[in-house]
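*Asks:* predicted structure and sequence below. I'll ask about it afterward.
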Amino acid sequence: MQLFASRAHGSMDGLDDNARFRRIVMPHIDEAYRLAHWLTGNRADAEDVVQDASLRAFRAIQAFAGGSARAWLLSIVRNTAYTWLRKNRSNTVVTVEDLEAVEVAQAEPSDSHGETPETALIAKLDAEQLSAAIAALPAPFRETLVLRDIEGLDYREIAEATEVPIGTVMSRLARARRRLIATIRKNG
Amino acid sequence: MNRSNSDDRSVLLVNAYLDGELDPANALGIAQQMAEEPALAAEAERIKALQQLIHERLPRQGAPGGLRGRIEEAVGGSRRRRAGPSWRALAASIAVTAMVTSSSTWLVVGSRQPTMIADTLVSDHIRSLMAPEPVDVVSSDRHTVKPWFNGRIANSPRVVDLAKEDFPLVGGRVDVVGRTPVSTLVYRRAKHLISLTAVPAESRFALDRNPRNIDGYNVLQWIDHGVSYWAISDIAPKELEEFAQLFRTSQTEL
C-alpha cells in the first residue's frame, strides 16, 4: 500500500497533473517568455525555450513543493535557457562555474562618490538604447536585474529562481544597476 | 578609489531599501545614513531614476499569441503518450485510502513506525530509478545542489563532496514523507545509485534492524544533529555503511 503513497500527496488537492499545470504554470507564461527573451536575446529562441521549459515543468509538477510558483517556473526556464545556450552558442554563455569569477574579476565602474546625481542624463535614454545596455550585462547580473526591475520579483523569489543565496542576489543587483548606470552615462 | 566593506554594505542596503526589502530597523538606519552622506543619497537618486526609466521605457510585453496553445498541446501530447493507467492515477487513488486510514500527521505516524518511512523512501528510490532522471536537479557540484533546495523545503540539507571516495554526487530531488517535503541527495557508486534522504525532527526512533533489507534494497539509518538520515541503495550493506561513515565524517561541506 505504501508503494505509491508518498509522491501522490501532490494529488491530495484533488487535481490531476494537467489541472495542476494549468494552475501553477500557465499563469506565468508571460514572465517565462520575457525572461527567456532576455536570456537568449531573440523571440524565436525564447519561444522554444519556454515550450521546452513548460514540458519540463509538467513532468516535474508533482515535485513542486509549494511557495512561489512563479519563482519555481522561472528557475526551470532559466536552466532550460542556459542549457539551450550552451548547446547552441557555447561561446557566449557564462556557465555557473564562471559566475563567481565574473563577479570578482570584472572591475566595478566608478561609483562617482561626491558627484551630483545625473538623473537627467539617465532619463534621456530611449527604449532601444536601454534594452541594449541591459542585454550587454553579463548573464548573472542581467537575469537578476530583469527579475527585480522588470518582473518585480522580491529578493526571496529571485534567490529561488536563480538558485543563489539572498546575499548574492543583493550584490548582483547592486552591481547590475551600477554597471547599467555607468553604461548609460558613457553613452549619454 | 578604494571603497571599504562598510561602504559596499551601505550600497547593498540602499538598494534593498529602495526595493522595500528591509525591516523597519534597517530601513531607519540606512535612511539616516543617506541623510548624512550625500554620496549615498546620490546613489539612491540614480537607482530611482534608473528604475523609473525602466518602468517607462520597457513596458512588459506578453508572450506571442499562440505560444500558450502550443504549450497546452505539447503537454497534452506528452500526457497521451503514456500508455495505460499512469502510476499517478493509481497513486492518487491509493493516497486517498492512505489519507482516510491515517488521521494524524506524518510526524506521529512516522515516529511510531520508522519502518513506514523506510518503505516510503524505498518506493521513492525505486520510482526514481524508473523515471527519466533519478533527480530533479542534476549536478555533481554541491554548491549547485544545496541552494536548489532553498525555498523547496524548509531546511537545506547537508551536502558533502565524496567524489574522491568514489561516491560522486549525481544531484538532488524533493521526496515527500507523509505531507512533508524532504530533501534527497543522490550519490553514485559505480553503476548503483544511493538515495540519501534527510528527515528533520524524526530523531527519536531508529530502525530495529540496521541496515535493513526491504524488497532487495538496503536501508541504513542514522541520526546526526537532530536530523534522521536514510540511505537507500542496492549496493552491499558494507558499502552502504562505508558511504554513511564517509558522509558523516566528511569535512568538505558547504
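*Replies:* Received the coordinates, thanks.
*Asks:* quick check, pLDDT for B:I71.
*Replies:* B:I71 carries a pLDDT value of 92.
*Asks:* pull the helix or strand with minimum mean pLDDT from chain A.
*Replies:* Least confident helix or strand, chain A: helix A:96-105 with a mean of 47, by mean pLDDT, DSSP states H and E.
*Asks:* centre-most residue in chain A?
*Replies:* What sits nearest the mean C-alpha location of chain A, by Cα atoms, centre = their mean, is A:E143, with 4.0 Å.
*Asks:* what backbone torsions are found at that one?
*Replies:* According to degrees, to the nearest 10, the main-chain angles of A:E143 amount to phi -60, psi -40.
*Asks:* which residues does it contact?
*Replies:* A:35, A:38-39, A:78, A:162 (Cβ atoms under 8 Å, 6 or more residues apart in numbering or on different chains). Just so you know, the C-beta spots here come from the backbone N, C-alpha and C atoms, and that holds for glycine as well.
*Asks:* kindly recompute the last result at 6 Å.
*Replies:* A:E143 is in contact with A:T162, counting by Cβ atoms under 6 Å, 6 or more residues apart in numbering or on different chains.
*Asks:* what helices and strands are in contact with the longest helix anywhere in chain A?
*Replies:* Longest helix in chain A, counting residues (DSSP state H): helix A:166-187. The contact analysis (3 or more Cβ pairs under 6 Å, 6 or more residues apart in numbering or on different chains; DSSP states H and E) places helix A:166-187 against helix A:139-145, helix A:155-162, helix B:5-18, helix B:38-57.
*Asks:* mind redoing it with 7 Å?
*Replies:* With contacts defined as 3 or more Cβ pairs under 7 Å, 6 or more residues apart in numbering or on different chains; DSSP states H and E, helix A:166-187 has these neighbours: helix A:119-123, helix A:127-135, helix A:139-145, helix A:155-162, helix B:5-18, helix B:38-57.
*Asks:* which of those has the lowest average pLDDT?
*Replies:* helix A:119-123 (a mean of 68).
*Asks:* residue ranges with poor pLDDT in chain A?
*Replies:* For chain A, the stretches flagged by pLDDT under 70 are A:1-14, A:90-121, A:123, A:188.
*Asks:* redo that, cut-off 50
*Replies:* A:1-12, A:95-98, A:100-101, A:103-116 (pLDDT under 50).
*Asks:* for stretch A:44-63, buried residues please.
*Replies:* Using 16 or more other Cβ atoms under 10 Å in any protein chain shown as the burial criterion, the residues of stretch A:44-63 that qualify are A:45-63.
*Asks:* which ones among the residues you listed come in contact with chain B?
*Replies:* Among these, the residues lying close to chain B (Cβ under 7 Å from any Cβ of the partner chain) are A:47, A:50-51, A:54-55, A:58, A:60, A:63.
*Asks:* if I look at A:A136, how far off is A:T183?
*Replies:* 7 Å (Cβ to Cβ, to the nearest Å).
*Asks:* name the SS class of the closest residue in space to B:D136 that isn't next to it in sequence, please.
*Replies:* Distances taken as Cβ to Cβ, 6 or more residues apart in numbering or on different chains place B:R173 nearest to B:D136, at 4.2 Å, with adjacent residues excluded. When classified by DSSP: H, G, I helix; E, B strand; the rest coil, B:R173 comes out as strand.
*Asks:* cool, thanks, signing off.
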